[in-house]
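Participant: Need a 3D model of the sequence below.
(chains A and B)
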2 protein chains.
Amino acid sequence: MPILVMKFGGTSVATPDRIKRAAKRVGREVANGYDVIVIVSAMAGKTNELVGWVNETSPLYDAREYDAVVSSGENVTAGLMALTLQEMDVPARSWQGWQVPLKTTSAHGSARIEEIPPENILKKFGEGMKVAVVAGFQGISPEGRITTLGRGGSDTTAVAFAAAFGAERCDIYTDVDGVYTTDPRICDKARKLDRIAFEEMLELASLGAKVLQTRSVELAMRYGVRLRVLSSFEDNNEEAGTLVCAEEDIVESNVVAGVAYSRDEAKMTLISVADRPGIAAAIFGPLAEAGVNVDMIVQNISEDGRTDMTFSCPVDQVKRAEASMEKAKESGSINYHDLVADTGVSKVSVVGIGMRSHAGVAARMFQSLKDENINIKVITTSEIKISVLIDRKYMELAVQALHDAFELEKAS
Amino acid sequence: MPILVMKFGGTSVATPDRIKRAAKRVGREVANGYDVIVIVSAMAGKTNELVGWVNETSPLYDAREYDAVVSSGENVTAGLMALTLQEMDVPARSWQGWQVPLKTTSAHGSARIEEIPPENILKKFGEGMKVAVVAGFQGISPEGRITTLGRGGSDTTAVAFAAAFGAERCDIYTDVDGVYTTDPRICDKARKLDRIAFEEMLELASLGAKVLQTRSVELAMRYGVRLRVLSSFEDNNEEAGTLVCAEEDIVESNVVAGVAYSRDEAKMTLISVADRPGIAAAIFGPLAEAGVNVDMIVQNISEDGRTDMTFSCPVDQVKRAEASMEKAKESGSINYHDLVADTGVSKVSVVGIGMRSHAGVAARMFQSLKDENINIKVITTSEIKISVLIDRKYMELAVQALHDAFELEKAS
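Facilitator: Residues are numbered from 1 along each chain as shown, chains lettered A, B, ... in the order given. A predicted model of the protein is given here:
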């Protein structure tokens, strides 16, 4: 039998009734001839309740105990889903991470999957079981302790199972009906994409389109898992949702696939830094240690052996960045005249694998922003992405203008 | 290091604050020089929430999935308790049933403990861990599935650990401060017992004194585990609570240890049953199959080859008993004239190991009831117990009168 992996997030299994709706989708795929592996999250709100108790108990908690507590939510859903399927006469049983076993590293709280031996579950499929319901987000360490995979870990679990079992597809059921050219709340012309390349999805995911966890997309790309994102609250036909797949599976596509944004960014400038070999390491080493997620970096032209160094980071990390730089200055490892923080900026990006073979995307992007009188503060580019920092008040306007400029409302 | 087992029930760990209070008690025993095994229940209300979801999902549930779901409550408490102890600088870690491993039979929902290999936990004690926090009520089957031990299973877990580890004592923390000569809500002269023999506790437990689960007392008796019941809401000194122990550890005792009662009993009489060999089996076999917990049985003198057969059972099982008898009559396996149910009776019992060596306890009991004009409907006796069925309206009066008659308000 071909194997299908189906993953249901917290809102899709928030109540016994919703679990029933999800189970009906699973039953339909069983009727279609699949052996199904279902990955479930905790019922919506449950993980937060458990995390709250842990934080109340121990602000600097032992991550091994955190994992033991927090993983319990998924176990509940897995059992309830198996019972629901049995009620529908679909042979099913639940598996907790350690029962599979889903083997991970010992990095509690953000463990990485090492191995998923398929034998135990395949044996049950061979005996007539049609659905293995697996508690997502969790595994077992080499020491036999329960681990969790970090935020979005259930997506990653699903993709890892699809890879380990050579599944035909991995369907991620969520509360949106697919991946859009941009955020429909900001741009009413936003259009659902039928297909998107792994690379594009990765850029969109890391830019703040919160449909899929970045790690799960990376894993899908590495193992060639066909990943479909679709809504658990709508009737889905064959063409529903968005298929995240290899570039060669996308026959035609727009040059630009989508416009992404990240609202709460800050632009930090170190003024008059001594420009010497190793200065970048002296600045960004301490920032990384302080847990500042530096995104864009721009170094100005040097004058008289001094330069300005500009970088961006999330607004809520500005204080941490400032403290880190002061400390580095005091220790003498760097020297600068001033550190200026502009906390009123946003990042807007256009993403598309078509950019590799099409010139002029940057020019069209900049012209479009100029037409709206939007000033660009920082630019960075990659092979398939161009990002700019602009004043936050222009963010929505910029997204709409770029969506229009690249005619994203039209399918290719 | 000597080992101590401490068990905390659901109300004792209902909130992070209460877990902290329980942890302080554990910390004190560690300071006293013990390695401690803590057995925890689920936070009060959590198990009922989980059971509710299972019942909503699947009224005739797969007990294996029921166990997987319902056991998750204890896992949460175990992790939180370990974290709380760590916050107090007490080296601790949590253990789920399968991690110990606590090996059970495959009788899901009411599994029996088969073995608790102590090696894993002893190894950790050897490495400096002071407290092993174990999720109560759960184990692992030979098939590798999670099992639960049934109601009161956490008491049983605690006693089994005390036996497996040769613990010095097993302290059961609960919401009462010990075992009383009778229910203080009914008799204000009720006195807390400092010590009680296993056999007495067994009779009291099965008679409805809900302090300890019967199975846990049986297990403690078999393995000679010294069991102490005490309050988790009061300061306890060395002599706090009630020690349940072997008869020989009780130096002096009253002839009668306590007066127990069971309020909602029914007295059923099969009138004019053919008195032939095997008639008892023909009656009580079907009743047992129907799930009727028959308690007292009295057979009247036979006359003309026919007799009356009287038995008692809980009031809420009367309908089941009636249906079962009708069915047996229809099938021709028994024959009777009528089945009369008196649903207005209660059972009152006096219990004490001293009865073995003291005559006259029954006489004193019957005289005392007669003095209050209470009519006795059925009597049964065992070596250390005399039980009577009486009209329910006299129950409290009977308990008080017997408490007075045996001078239970006075310590021996």
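
Participant: Next up, the contacts around the nearest residue to residue A:137 once chain neighbours are set aside.
Facilitator: Excluding the flanking residues, the one nearest residue A:137 by C-beta to C-beta, 6 or more residues apart in numbering or on different chains is residue A:153, at 3.9 Å. For the C-beta atoms, the positions are set from N, CA and C on the backbone; glycine is no exception. By C-beta atoms under 8 Å, 6 or more residues apart in numbering or on different chains, the residues touching residue A:153 are A:136, A:137, A:138, A:213.

Participant: ok, now residue A:358?
Facilitator: Applying C-beta under 8 Å, 6+ apart, we find residue A:358 in contact with residue A:255.

Participant: just the one 10 residues further on next, same as before
Facilitator: Taking C-beta under 8 Å, 6+ apart, we find residue A:368 in contact with A:401, A:402, A:404, A:405.

Participant: one step back: what's the most distant pair in the contacts of residue A:153?
Facilitator: Within the contacts of residue A:153, two members stand farthest from each other by C-beta to C-beta: A:138 and A:213, at 14.9 Å.

Participant: okay, these two: which has more neighbours?
Facilitator: Just comparing residue A:138 and residue A:213: by other C-beta atoms under 10 Å in any protein chain shown the higher neighbour count belongs to residue A:138, 29 against 21.

Participant: What are the structural domain limits within chain A?
Facilitator: As given by automatic domain parsing, the domain ranges for chain A are A:3-175, A:259-405.

Participant: Compute the first-to-last residue distance for the last one.
Facilitator: Right, the one you point to is domain A:259-405. The first residue of domain A:259-405 is 11 Å away from its last residue (C-alpha to C-alpha, to the nearest Å).

Participant: avg pLDDT for that domain?
Facilitator: For domain A:259-405, mean pLDDT rounds to 92.

Participant: what do you get for stretch A:28-36?
Facilitator: On average, stretch A:28-36 scores 96.

Participant: Would you check that residue A:13 makes contact with residue A:20?
Facilitator: No: counting by C-beta atoms under 8 Å, residue A:13 stays clear of residue A:20, with 9.9 Å between them.

Participant: And whichever strand or helix holds residue A:22, what's buried?
Facilitator: If you go by DSSP states H and E, residue A:22 is part of helix A:16-31. The neighbour-count check on helix A:16-31 (16 or more other C-beta atoms under 10 Å in any protein chain shown) flags A:16, A:18, A:19, A:20, A:21, A:22, A:23, A:25, A:26, A:27, A:29, A:30 as buried.

Participant: Now flag whichever of those is closest to chain B.
Facilitator: residue A:16 (4.8 Å; C-beta to the nearest C-beta).

Participant: give the contact list for the closest one.
Facilitator: The contact partners of residue A:16, taken as C-beta under 8 Å, 6+ apart, are A:80, A:84, B:53, B:56, B:57.

Participant: Among the domains of chain A, show me which one is buried the most.
Facilitator: domain A:3-175 (a mean of 22; mean count of other C-beta atoms under 10 Å in any protein chain shown).

Participant: Would you mind measuring the gap between the ends of that one?
Facilitator: Taking C-alpha to C-alpha, domain A:3-175 runs 24 Å from one end to the other.

Participant: Just give me how far it sits from the chain centre.
Facilitator: 18 Å (C-alpha atoms, centre = their mean, to the nearest Å).

Participant: How about the residues of the stretch 1-150 of chain A by chain B?
Facilitator: With C-beta under 8 Å from any C-beta of the partner chain as the criterion, the stretch 1-150 of chain A comes near chain B at residues A:16, A:19-20, A:50, A:53-54, A:56-58, A:61-62, A:64-66, A:68-69, A:72-73, A:75-76, A:78-80, A:82-84, A:86-87, A:93-94, A:96, A:98-99, A:144-146.

Participant: try 7 Å this time
Facilitator: A:16, A:50, A:53-54, A:56-58, A:61-62, A:65, A:68-69, A:72, A:75-76, A:79-80, A:82-84, A:86-87, A:94, A:99, A:144 (C-beta under 7 Å from any C-beta of the partner chain).

Participant: Could I get the full set of strands for the stretch 1-150 of chain A?
Facilitator: For the stretch 1-150 of chain A, the strands defined by DSSP state E, counting those that start in this stretch occupy A:3-8, A:35-40, A:92-95, A:103-104, A:113-115, A:131-135, A:138-140, A:146-148.

Participant: The last one pairs with which strands?
Facilitator: By that I understand strand A:146-148. strand A:138-140 (antiparallel) (DSSP bridges).

Participant: which bits of the stretch 251-400 of chain A sit near chain B?
Facilitator: The stretch 251-400 of chain A comes close to chain B at no residue, as judged by C-beta under 7 Å from any C-beta.

Participant: Just want the residue of the stretch 251-400 of chain A that's nearest chain B.
Facilitator: For the stretch 251-400 of chain A, C-beta to the nearest C-beta, closest residue to chain B: residue A:291, 22.9 Å.

Participant: Identify the residue nearest that residue in space, chain neighbours excluded?
Facilitator: residue A:320 (6.4 Å).

Participant: Summarise which helices and strands the helix or strand containing the one you found is packed against.
Facilitator: If you go by DSSP H and E, residue A:320 is part of helix A:318-330. Applying 3 or more C-beta pairs under 7 Å, 6 or more residues apart in numbering or on different chains; DSSP states H and E, we find helix A:318-330 packed against strand A:258-274, helix A:279-289, strand A:338-351.

Participant: Just want the angle from it to strand A:338-351.
Facilitator: Between helix A:318-330 and strand A:338-351, the angle comes out at 130 degrees (axes from the mean of the first three to the mean of the last three C-alpha atoms, to 10 degrees).

Participant: what does helix A:318-330 contact?
Facilitator: Helix A:318-330 is contacted from outside by A:266, A:268, A:270, A:282, A:286-287, A:290-292, A:313, A:334-336, A:339, A:341, A:343, using C-beta atoms under 7 Å, 6 or more residues apart in numbering or on different chains.

Participant: go again using 6 Å as the cut-off
Facilitator: A:266, A:268, A:286, A:287, A:290, A:292, A:313, A:334, A:339, A:341, A:343 (C-beta atoms under 6 Å, 6 or more residues apart in numbering or on different chains).

Participant: ditto for stretch A:25-40
Facilitator: A:1-8, A:13, A:77-78, A:81, A:88, A:90, A:125, A:130-134, A:136, A:154, A:157-158, A:161.

Participant: try stretch A:261-280
Facilitator: A:207-208, A:302, A:305-313, A:315, A:318, A:321, A:335-343, A:345-348, A:377, A:389, A:395, A:399.

Participant: Same check on stretch A:296-305?
Facilitator: A:275, A:307, A:308, A:309, A:310, A:311, A:312, A:378, A:380.

Participant: what about that stretch, how long is it end to end?
Facilitator: End to end - C-alpha to C-alpha - stretch A:296-305 spans 23 Å.

Participant: tell me how far that stretch is from the chain's mean position?
Facilitator: Stretch A:296-305 has its C-alpha centroid displaced from the chain centroid by 32 Å (C-alpha atoms, centre = their mean).
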